[in-house]
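Asks: For reference, the sequence and a predicted model appear below.
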Amino acid sequence: MSTRPPTLREKRRYILARIEPYGTPLEQKELYYAISDAATSLWGDATTGIITPAVVALEHGHVIIRCRRGTERELAIALSTVTACRDVRICLRIIAASGTIESLRSRFRQKKIPQAKTHSESEPESEKTATGTDEGVERVLSECTFAKKTFQIVHCNGQKVDVIEKGFKNTNRLFLTKDDLENLNATTISDRI
Amino acid sequence: MKITDAAVYPYPLGDASVRRLALEAAALGFDSIVAADTPSGTYGQVEVRSGLMIRDVPVKDVISIVKRSKDSGKVISVNAANNSFNRAVIGLKGVHILRGIQSADKLAFDHVAAKMAADNRVAVDIDLCPIIMGRSVARQRAIHRYMDILVLEQRFEFPITLSTHAHSLLEMRNVRDIAGLCSLIGMDVPDVERALAGIGTVLTPPKQAVTVIA
């Protein structure tokens, strides 16, 4: 089948959303199913058919979702009801809508992802446990204590610190700030995180 | 006018510290939040109001709890139950919000309760959690109840508050998302703005209709 000329193609719009929490491993297909499920559940098959949501890109913790022009509002509402993707709790924060994918890509390229460190990075453990800040590169502790429990830091960005309790019983993420750790555990944190 | 999320649950009830919730709330466009069982304060640009959520207790206990925390500056909210309970609670001085109306029975909030809420300036909370997290029947029921409440609100003009009841950062939504979700229950943007400022309405003392100058 030959491609239609541009004037005969249906007009589309693209929505850029940030995936939270940062560093959640997701597959494009799974995310599409989550979004499609949310849209179908909220608007029904007929409207979702008109919206035709599709995940066109999943990169750097951002997702670009395609929809038919004029249905951005409906898709945005449906996106705010996405709460999980394959039993992993997520949240989509809409950043922008545009007519081209490239302009959305340039948005998050321009923004530059903050210097954040996660434990998935292949760095020796000794470097991760260093404290203090070196010229914009944030050094993170691998462990911290909060409310008398030991946690492993999984993500640290600015004031925000995401931690997971150590051990195999409770693997839920806790969302804290540096001030929480400093105030509550001044004795266990040597300098700054 | 302060844009407020009328109920969030910080650690240990939720999985985020109150500071982190405040940080996130600022990023999402809120000026203040009501946090359960947390002392009041200001973190960054966001004002955190202390909230007291009373649930599953008889009216007698509600009265004593409200009396005890009357001058504490807390935002006191009571979970809705049956009609007589709701009327009794709305009539109490010191109660600010009636919550959980979507899970109370059908006749729990009628026109009499609506009139009382308007007279006593008690807000009815619209919990967005069932719309965000709920699916199928649960969501449909919540939407139906909220639309029913909004009919009464337009007639009697009692205050409305909006809350996400977020136990996590991931359950918080930005102001634009909230406006979108509220459009599902027939609220337009001015209604949403008024509802987001509902906490301020409830906490400020009413203006007297007649002012004696001399």
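Replies: Noted; the coordinates are in hand. Residues are numbered from 1 along each chain as shown, chains lettered A, B, ... in the order given.
Asks: where along the chain do the strands fall?
Replies: Just so you know, I chose chain A. Ranges of strands in chain A, per DSSP state E, are A:12-20, A:54-59, A:62-68, A:84-85, A:88-89, A:91-98, A:117-118, A:133-134, A:137-138, A:143-146, A:149-157, A:160-165, A:173-177.
Asks: looking at chain B here, not the other one
Replies: Using DSSP E, strands in chain B cover B:4-8, B:32-36, B:41-43, B:46-54, B:75-79, B:97-99, B:123-127, B:160-163.
Asks: Figure out which of those is closest to chain A.
Replies: strand B:41-43 (8.4 Å; C-beta to the nearest C-beta). Every C-beta, even on glycine, is put in place using the N, C-alpha and C of the backbone.
Asks: what's in contact with the closest one?
Replies: B:18-19, B:22-23, B:47-48 (C-beta atoms under 8 Å, 6 or more residues apart in numbering or on different chains).
Asks: re earlier: out of the strands of chain A, indicate the one that is most buried.
Replies: Comparing the strands of chain A by mean neighbour count (mean count of other C-beta atoms under 10 Å in any protein chain shown), strand A:173-177 ranks first with a mean of 24.
Asks: Briefly note if it comes near chain B.
Replies: Yes - for strand A:173-177 and chain B, the contact criterion (C-beta under 8 Å from any C-beta of the partner chain) is met by A:173-177.
Asks: Identify the bridge partners of B:Val48.
Replies: Judged by DSSP bridges, the bridge partners of B:Val48 are B:Ile33, B:Gly41.
Asks: Now for it, how many residues are close by?
Replies: 23 (other C-beta atoms under 10 Å in any protein chain shown).
Asks: Then B:Pro190?
Replies: There are 8 residues near B:Pro190, going by other C-beta under 10 Å.
Asks: if I pick it, what's in contact with it?
Replies: B:Pro190 neighbours (C-beta under 8 Å, 6+ apart): none.
Asks: Against B:Ala179, how distant is it?
Replies: 10 Å (C-beta to C-beta, to the nearest Å).
Asks: Please list all residues in contact with the residue nearest to A:Arg89 when sequence neighbours are not counted.
Replies: Spatially, and ignoring its direct neighbours in sequence, A:Arg89 is nearest to B:Leu170 (5.4 Å; C-beta to C-beta, 6 or more residues apart in numbering or on different chains). With contacts defined as C-beta under 8 Å, 6+ apart, B:Leu170 is in contact with A:20-21, A:83, A:89-91.
Asks: From A:Leu79, how far out is B:Leu170?
Replies: 13 Å.
Asks: burial measure for the nearest residue to B:Ser32 once chain neighbours are set aside, as a count.
Replies: Once flanking residues are discounted, B:Ser32 sits nearest to B:Glu47: 3.9 Å by C-beta to C-beta, 6+ apart. B:Glu47: 18 surrounding residues under other C-beta under 10 Å.
Asks: if we can go back for a sec, and the strands of chain A, which one's lowest on average pLDDT?
Replies: With a mean of 36, strand A:133-134 has the lowest mean pLDDT of the strands of chain A.
Asks: List the beta-bridge partners for the residue nearest the centre of chain B.
Replies: A centroid search over chain B (C-alpha atoms, centre = their mean) returns B:Asp125, at 3.6 Å, as the residue closest to the centre. For B:Asp125, the beta-bridge partners are B:Thr161 (DSSP bridges).
Asks: Now for residue 56: which residues touch it?
Replies: You didn't say which chain, so I picked chain A. Applying C-beta under 8 Å, 6+ apart, the residues near A:Val56 are A:14, A:64-66, A:101.
Asks: that's the wrong chain, I meant chain B
Replies: Applying C-beta under 8 Å, 6+ apart, the residues near B:Asp56 are B:Asn79.
Asks: is chain B contacted by the longest helix that chain A contains?
Replies: As assigned by DSSP state H, the longest helix anywhere in chain A is helix A:28-51. Yes - Helix A:28-51 is in contact with chain B by C-beta under 8 Å from any C-beta, via A:41-42.
Asks: ok and that helix relative to strand A:54-59, angle-wise?
Replies: With axes from the mean of the first three to the mean of the last three C-alpha atoms, to 10 degrees defining the directions, helix A:28-51 sits at 150 degrees from strand A:54-59.
Asks: Residues of chain B that sit close to chain A?
Replies: B:11-12, B:15-17, B:19-21, B:23-24, B:131-133, B:135-136, B:139, B:168-174, B:176-177, B:180-181, B:183-184.
Asks: Buried only: go through those residues for me.
Replies: B:11, B:15-17, B:19-21, B:23-24, B:131-132, B:139, B:168-174, B:177, B:180-181, B:183-184 (16 or more other C-beta atoms under 10 Å in any protein chain shown).
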